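> this is the structure alone, sequence omitted:
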């Protein structure tokens, strides 16, 4: 089993920094919309992301299983109810929503390249190793969960 490369919060901070770094110096790619509109979208997406992530963490605590993303093999329960009926990875979905929210602050289309890159990195370096560990630990129970619940949201 391959181990995750970096803790997900580190990936999140790296991609948040990347978003700010690529949007600020490139005025040529600027998007023209009001600052108020961008602030409102940032609050909505980021607030939703925080809520989704918090709900997910609370569900892990209720099940008394680990939330430590670097050691998925230490999971003692497979959480499949609540928000986990909608997405297998609500904590990562929460981070993605926050990244999308802050992308609006940059007023630059280049910033919108960052969230898909985050999804790619988290899929390859975090989710795939996690899912391998969960498949080993929970077998058919995890396979049934994987088949009925999307990795991120809806069909994706």
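Received the coordinates, thanks. These figures come from a predicted structure and were not determined experimentally.
> only C-alpha atoms from now on, for both contacts and neighbour counts.
Noted.
> which pLDDT value goes with the spatially most central residue of the chain?
Taking C-alpha atoms, centre = their mean as the criterion, residue 92 is the residue nearest the geometric centre of the chain, at 1.9 Å. At residue 92, the model reports a pLDDT of 97.
> touching, residue 16 and residue 98? I think so.
No: using C-alpha atoms under 8 Å, residue 16 is not in contact with residue 98, being 9.0 Å away.
> which neighbours do those two share?
Overlap between the contact sets of residue 16 and residue 98, as judged by C-alpha atoms under 8 Å, 6 or more residues apart in numbering, is nil.
> touching stretch 112-120 from outside, list them.
By C-alpha under 8 Å, 6+ apart, stretch 112-120 touches 11-12, 15, 18-19, 96, 99-100, 103.
> among those residues, which are in helices?
Residues of those located in helices (DSSP state H): 11-12, 15, 18-19, 96, 99-100, 103.
> quick one: residue 135 from residue 48, how far?
Per C-alpha to C-alpha, to the nearest Å, residue 135 is found 29 Å from residue 48.
> circling back: wait, which of the ones in helices among the contacts of stretch 112-120 is closest to residue 153?
residue 96 (11.2 Å; C-alpha to C-alpha).
> and the closest one, what does it touch?
By C-alpha under 8 Å, 6+ apart, residue 96 lies in contact with 49, 115, 118-119.
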